[in-house]
Every structure is written in structure tokens, then in C-alpha cells.
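J.: Got a sequence here, can you model it:
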Amino acid sequence: MNFIEVDRQTCKKDGACSAVCPAKLINFTKGEYPTPIAEAEELCIRCGHCVAVCSSSSFLHAEMLMTRCPKVQPELFLSTEQSEQFLRSRRSIRNYKEKAVPRETLQKLIEAARYAPTGHNSQSVEWLVLSDRDELNNLCQIVGQWMRWMLANMKEFALSLHIDKALERLEEGEDVVLRGAPVLVVAHALEDDPMAQTSSTIALTYLELAATGMELGGCWAGYFNAAVNTFPPMRKALDLPEGHQCCGAMMMGYPKFRYYRMPERKTPPITWR
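T.: Here you go, the predicted structure:
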């Protein structure tokens, strides 16, 4: 088949595929069949909007086969109330059960996170999953070294982050870095990718939200994130692929406690224009 084709037996000629294409690669005139521009294959970012919006399954894309794109099930949509509770009841989990997370569950979780939007549909986020207790403990100690360096060399800034208090607790044996989480999920990408940080942040947010449906919980590893790209011993220990940067890390595990209320937040400042 050609890169893009339209089944003329079923096409409704409504022009939806042309309207939603972000790169405007599909020509459409009312009453006629949509047709791709000459450079469509070269310029297409493979986002799948054209396939997803076609109500009659008439739009055929050589690299986005209908058989690999499941139909949306309206009965699974969240109501307004369900959506609000889902988002408001999210908690950053810092207390975990001593229970390993199966690799199959983590695989499914990351598979869900890959559907997060990425700049120009680059899909450039890569993942590192750490679950070896000794390795996680070693990374915590290296973060402790970073804390000492910060207090010695950037004291005012370190104190503003309460690193002195955190270091005291760490030295007393409390894991203030990874909170005893059984898993640390790291998102990384090429250092010269201008969209890597934003794409990774969104993907990690998807990861945390998707965890709820798998009875898991997560929390951004703040001290780890602060140390990993600025402290050479940490970069060496993490051992990412050459030319890659850490774009964020998420603790993950089964929550030790259940939460029963949704705490208030500040009223959002909004300017209407």
C-alpha cells in the first residue's frame, strides 16, 4: 500500500483527518476524498491523529495500522466527578510496603507512560528501572556525599533546601533520599535533545498517575534528581548511556498507608483576558 490511502468505499468525506493533522499533510475539499500531499511520508511525525479521528476506519496509514490501534471504549471514560477525585486524591507516596513490584507490572506501567505527549512526537524518553536494594542504598549514600558538598560549597542555597536537616537524618540511618522505595524509575534521554526534559517530565507524570490503577504509588525523587546531573560520582554510579542525561526519577512501590481525604490547596491565581 501507499504511505497514506483512503478507502473510498467507506470514507465519509468529512475532512476530519485533514483538520486534525498537525503538519497539514492531507488536502481536503468539501465533497471530495482527502488526499496526502507529495511530501507526506517525509514530513509525517507519526502521531496517529488521522487514524484515531476516522470514525469509519477508512484512513489507512502504512506505519499506523488500524489493527494495532484499539478502538476507544466510551464506557470506560471517567465522569467529571471521577476525574476530579482521581486527580485530587493523588498523593506523593513516601511510605512503602516491604513488597517487591513484579517486573511485568513495571513493564505495563511504562507501556502506559509511553502514551504521554512528546514534542514533535519525538518519543525520545528512555527508561532505567532500579530495584536492587544494595544499588539503591549505594545511590542514597552518594546523594549524602552531594549534600555534604553542597553544604561546603553552596551553603546558603543548601540551607534554603534544608539539606542540613536531611543530611542529619540520613546519617542517623533514615532513608530521606528514596524513602525505602523498592523501585526507582529513571527517565533519561540524549543531552542534546531540546525536548527531552519536558517530554520526560510529562512521561513521569503519566507514570505516577497510571500507578494508581495498579495499586502502586510514587513520589518524585527530589534530592536524587538534584544530585544526579551535577555531581560526577552520581553520574558515574548511575551509568547512563553515553551522551544521555537523567531527566527525572520516580520512587515507586506499594503504599503502606491508605489516604481517606483530599487536602485543600491554595486558590489558583488566574488572570482572565
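J.: all helices for the protein, in order.
T.: 16-20, 40-43, 49-53, 80-88, 103-113, 133-153, 155-160, 163-171, 196-211, 222-228, 232-238 (DSSP state H).
J.: other SSEs contacting the first one?
T.: Packing contacts for helix 16-20, counted by 3 or more C-beta pairs under 8 Å, 6 or more residues apart in numbering; DSSP states H and E, involve strand 26-27, helix 49-53. C-beta coordinates here come from the backbone N, C-alpha and C atoms, glycine included.
J.: In CSV, list those along with mean pLDDT, mean neighbour count and distance to residue 185.
T.: Converted to CSV, the helices and strands packed on helix 16-20 look like this (pLDDT from 0 to 100; neighbours: other C-beta atoms under 10 Å; distance: least, C-beta to C-beta, whole Å):
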stretch, mean pLDDT, mean neighbour count, distance to residue 185
strand 26-27, 97, 18, 37
helix 49-53, 97, 19, 28
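J.: dump the residue contacts of the closest residue in space to residue 144 that isn't next to it in sequence.
T.: What sits nearest to residue 144 in space, not counting adjacent residues and going by C-beta to C-beta, 6 or more residues apart in numbering, is residue 170, at 5.1 Å. Counting by C-beta atoms under 8 Å, 6 or more residues apart in numbering, residue 170 touches 140, 143-144, 147, 176-177.
J.: switch to 10 Å and redo it
T.: By C-beta atoms under 10 Å, 6 or more residues apart in numbering, the contact list for residue 170 reads 140-141, 143-144, 147, 163, 176-177, 223.
J.: OK, contacts around residue 191?
T.: Residue 191 makes contact with 229, 240, 242-245, 247 under the criterion C-beta under 10 Å, 6+ apart.
J.: between those residues, which is nearest residue 29?
T.: residue 247 (43.5 Å; C-beta to C-beta).
J.: residue contacts, residue 52?
T.: Applying C-beta under 10 Å, 6+ apart, the residues near residue 52 are 16-17, 20, 59, 64, 69, 71-72.
J.: residues in contact with the residue of the chain positioned farthest from its centre?
T.: Distance from the C-alpha centroid of the chain, by C-alpha atoms, centre = their mean, peaks at residue 31 (40.9 Å). Residue 31 makes contact with 13, 15, according to C-beta under 10 Å, 6+ apart.
J.: Same question for residue 202.
T.: Counting by C-beta under 10 Å, 6+ apart, residue 202 makes contact with 113, 116-119, 125, 187, 248.
J.: Not counting sequence-adjacent ones, nearest residue to residue 60?
T.: The spatially closest residue to residue 60, leaving aside those adjacent along the chain, is residue 5, at 4.4 Å (C-beta to C-beta, 6+ apart).
J.: Make sure that neighbour is actually in contact with residue 66.
T.: No - Residue 5 is not in contact with residue 66 according to C-beta atoms under 10 Å; the separation is 11.6 Å.
J.: list residues touching both of these two?
T.: With C-beta under 10 Å, 6+ apart, residue 5 and residue 66 have common neighbours 58-60.
J.: who wins for most neighbours among the residues you listed?
T.: Greatest neighbour count in the shared contacts of residue 5 and residue 66, by other C-beta atoms under 10 Å, goes to residue 59: 24 neighbours.
J.: my read: that residue touches residue 3, true?
T.: No - using C-beta under 10 Å, residue 59 is not in contact with residue 3, being 11.9 Å away.
J.: Among the contacts of residue 202, which has the minimum pLDDT value?
T.: Lowest model confidence among these falls on residue 119, which carries 89.
J.: gap between it and residue 260?
T.: Here the criterion is C-beta to C-beta, to the nearest Å. By it, residue 119 lies 39 Å from residue 260.
J.: More neighbours: which of these two?
T.: Neighbours were tallied for residue 119 and for residue 260 using other C-beta under 10 Å; the higher tally belongs to residue 119 (16 against 6).
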